[in-house]
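K.L.:
Fold the following, please.
(one chain, ligands or ions: 2)
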Amino acid sequence: MSANLKGIGASAGIAIAKAYRLEEPELKIEKKEITDKEAEKQRFELAINQSKAELEKIKEHANRELGADKAEIFAAHLLVLSDPELLNPVLDKVSTEGVNAEFAMKETADMFVSMFESMDNEYMKERAADIRDVTKRVIAHLLGVQIPNPSIISEEVVIIAEDLTPSDTAQLNRQFVKGFTTDIGGRTSHSAIMARSMEIPAVVGTKQATSSIENGVMVIVDGLDGDVIIDPSSEVIAQYEEKKAKYEAQKAEWAKLVNEPTVTKDGQHVELAANIGTPDDVKGVLENGGEAVGLYRTEFLYMGRDQLPTEDEQFDAYKAVLERMEGKPVVVRTLDIGGDKELPYLNLPKEMNPFLGFRAIRLCLEEQDIFRTQLRALLRASSYGNLKIMFPMIATVSEFREAKAILLEEKEKLVANGVQVSNSIEIGMMVEIPSTAVMADQFAKEVDFFSIGTNDLIQYTMAADRMNERVSYLYQPYNPAILRLISMVIDAAHKEGKWAGMCGEMAGDQIAIPLLLGLGLDEFSMSATSILPARTQIKELSKEQAQSVKEKVLAMSTTEEVVEFVKETFHIS
Ligand SMILES: C=C(OP(=O)(O)O)C(=O)O
Ligand SMILES: [Mg+2]
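P.N.:
Ligands and ions are numbered 1, 2, ... in the order given. As a prediction, the model looks like this:
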């Protein structure tokens, strides 16, 4: 019997495949008395070998798909599995105490973990994390429990999970992972954003995916309409195959505009840019006809590893993006860690409200070594293309001034040392905290450009967590409160002769596009896959008509009123 779940369509497309539940199994370890100690030791050695073989596979995959730096962590895990200092005490315990291997392994690992964690030494703390991770794998083998690992999936599946972290998402193998669905999350969760750039259909926030979908059952993920169909009949599968084919044909139609400029019916050009997370994403930007990179989320360079990237590693990444974009604008955002983007190796204390906490520019201004290293890497890369730099989560004018002063100080030092640095780097900021939108007139005097980050601006204005599907009814891009803030920012920028872009997901939204065009937005930056549909839509719009409804829309009182009006006026079904 088929059943349906409703969620949020987070990444367009349709996936039809078997369910693969991605969940941490519970490892129940009981102490047992062992009589055949030799057999127990052999059982332990077998579990070690199985774990090693699995890690080799994961390492190879990470190396191939994500690069050598991301694969390093698995090499470290393999070393732990060959370390006699960890393994011998386990074997000794089995021999002398006559206990089962999983119990001996757990006791030994716990001892090392608490010893390393109590040391005031970053390196040892990381080793503790490695031991914990590796131990879990070995114990799972001893108990005959499978630890799911998305990177070693080798048949076509749809992933079912409570949630996916951005690094889980980065590990998904596009060849086999046809789609995913989660219990929690929203359209602007970073796993959803990554799914769009990886072109993996996804439905998030279904509330019940993990409680209603068994491993191995057929599932349809319809990322276009936010539907998940469990155990569909063959007629339903056929319907969705047809819907999928239609969507593919639509994509082929959009693709015809890949080399066209984005010009409205009345001849006005706007820039359609893409948001990226890694240098590899540039390929998708160019394939989808992106005119610029409007947001390079550099924090992904810092994630999925166990230490900060060096200045040279960062330089290589920034240079690669600038070169691949061949002189087209590239807006790089400095480190925006925090919220759902964590860096465990910084060992920051847990916070009650991570989205309102010590993050992004707040952290960078305090941990200046981290910030200055990134700025130097960016400045050194600047001569390879058209670089613009912006700071995330600016709340006050003083923060912007301080960040800019540090950037200029690093530039001066590099130039004094004979390093070539571009003289035309624009310096801007994200507008994602309501205080900056309200004070946009003041900021506009000091910045070269604004990039409106609606993903956060909406959550902070409406006090509605962008990750929480239970308050998603309040997370309203078309609420007149949001439209008024956006309008204030664009007007303030233009008054000072500056440009205003948007890099929040709203920039690629079909209903938002006519509104943003009418408000005068200069640059629209979105998931690469949204560019061609947006271009198709903009070519059919008149800027003059869009401008003519600006005042009317800004005077409306509800989201529903705005949506209804826009759909009717601009013929959106
Ligand atoms: C683009 C934005 O940044 P992020 O999604 O990375 O928070 C935003 O907040 O709109
Ligand atoms: Mg943000």
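K.L.:
spatially speaking, which residue is in the middle of the protein?
P.N.:
residue 190 (3.4 Å; Cα atoms, centre = their mean).
K.L.:
residue contacts, the closest residue to ligand 2 within the chain?
P.N.:
Nearest residue of the chain to ligand 2 (Cβ to the ion) works out as residue 456 at 3.7 Å. Bear in mind the C-beta positions are built from the backbone N, C-alpha and C, glycine included. Listed by Cβ atoms under 8 Å, 6 or more residues apart in numbering, the contact partners of residue 456 are 355, 393, 430, 432, 433, 466, 504.
K.L.:
For those residues, give me CSV that also has pLDDT.
P.N.:
CSV is the format used below for these (pLDDT from 0 to 100):
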residue, pLDDT
355, 92
393, 98
430, 98
432, 98
433, 98
466, 89
504, 95
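K.L.:
For the stretch 451-573 of the chain, what lies in contact range of ligand 1?
P.N.:
453, 454, 455, 456, 503, 504 (Cβ under 6 Å from any ligand atom).
K.L.:
Including secondary structure, could those go into TSV?
P.N.:
Compiled in TSV, these are given as follows (DSSP: H, G, I helix; E, B strand; the rest coil):
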residue	secondary structure
453	coil
454	helix
455	helix
456	helix
503	coil
504	coil
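K.L.:
what's the farthest-apart pair in these?
P.N.:
Greatest spatial distance among those (Cβ to Cβ): 456 and 503, at 10.6 Å.
K.L.:
Now do the shared contacts for those two.
P.N.:
residue 430.
K.L.:
and the next element down the chain from the lengthiest strand in the chain?
P.N.:
With secondary structure taken from DSSP state E, the chain has its longest strand at strand 14-21. Next along the chain after strand 14-21, taking DSSP states H and E as the criterion, comes helix 37-66.
K.L.:
For that next one, name the packing helices and strands.
P.N.:
helix 68-81, helix 84-97, helix 101-117, helix 122-143 (3 or more Cβ pairs under 8 Å, 6 or more residues apart in numbering; DSSP states H and E).
K.L.:
Just the mean pLDDT for that helix, thanks.
P.N.:
Throughout helix 37-66, pLDDT has a mean value of 86.
K.L.:
Tell me which stretches of the stretch 251-400 of the chain form helices.
P.N.:
With DSSP state H, counting those that start in this stretch as the criterion, the stretch 251-400 of the chain has helices at 282-287, 299-302, 311-324, 360-366, 368-381, 397-416.
K.L.:
Distance to ligand 2 and mean pLDDT added to these, as JSON lines?
P.N.:
JSON lines is the format used below for the helices of the stretch 251-400 of the chain (distance: least, Cβ to the ion, whole Å; pLDDT from 0 to 100):
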{"stretch": "helix 282-287", "distance to ligand 2": "20", "mean pLDDT": "93"}
{"stretch": "helix 299-302", "distance to ligand 2": "10", "mean pLDDT": "92"}
{"stretch": "helix 311-324", "distance to ligand 2": "19", "mean pLDDT": "97"}
{"stretch": "helix 360-366", "distance to ligand 2": "8", "mean pLDDT": "97"}
{"stretch": "helix 368-381", "distance to ligand 2": "17", "mean pLDDT": "98"}
{"stretch": "helix 397-416", "distance to ligand 2": "15", "mean pLDDT": "98"}
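K.L.:
before we move on, back to that, among the helices and strands packed on helix 37-66, which comes closest to ligand 1?
P.N.:
helix 68-81 (19.9 Å; Cβ to the nearest ligand atom).
K.L.:
Convert the C-alpha atoms of the closest one to PDB, please.
P.N.:
Only the C-alpha atoms of helix 68-81 are listed here, as PDB (Å, rounded to 0.1, in the frame of the first residue of the first chain):
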ATOM      1  CA  ALA A  68      43.100  14.500  -0.400                       C
ATOM      2  CA  ASP A  69      42.700  16.900   2.500                       C
ATOM      3  CA  LYS A  70      39.200  15.500   3.300                       C
ATOM      4  CA  ALA A  71      40.500  12.000   3.000                       C
ATOM      5  CA  GLU A  72      43.200  12.600   5.600                       C
ATOM      6  CA  ILE A  73      40.900  12.000   8.500                       C
ATOM      7  CA  PHE A  74      40.300   8.400   7.400                       C
ATOM      8  CA  ALA A  75      44.100   7.800   7.100                       C
ATOM      9  CA  ALA A  76      44.300   8.900  10.700                       C
ATOM     10  CA  HIS A  77      41.600   6.400  11.600                       C
ATOM     11  CA  LEU A  78      43.500   3.600   9.900                       C
ATOM     12  CA  LEU A  79      46.600   4.500  11.900                       C
ATOM     13  CA  VAL A  80      44.600   4.200  15.100                       C
ATOM     14  CA  LEU A  81      43.500   0.700  14.000                       C
END
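K.L.:
mind listing what's buried in it?
P.N.:
69, 70, 71, 72, 73, 74, 76, 77, 78, 80, 81 (16 or more other Cβ atoms under 10 Å).
K.L.:
Run through who's touching it.
P.N.:
By Cβ under 8 Å, 6+ apart, the list of residues contacting helix 68-81 from outside reads 48, 51-52, 55-56, 58-60, 62-63, 86-87, 127, 130-131, 133-134, 137-138, 304-306, 309, 313.
K.L.:
Go again with 6 Å.
P.N.:
Contacts to helix 68-81, defined as Cβ atoms under 6 Å, 6 or more residues apart in numbering, come from residues 48, 51-52, 55, 58-59, 62-63, 130-131, 134, 304, 306.
K.L.:
Only the buried subset of those, as a PyMOL command please.
P.N.:
A single PyMOL command selects the buried members of these (16+ other Cβ under 10 Å):
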select buried, resi 48+51+52+55+58+59+62+63+130+131+134+304+306
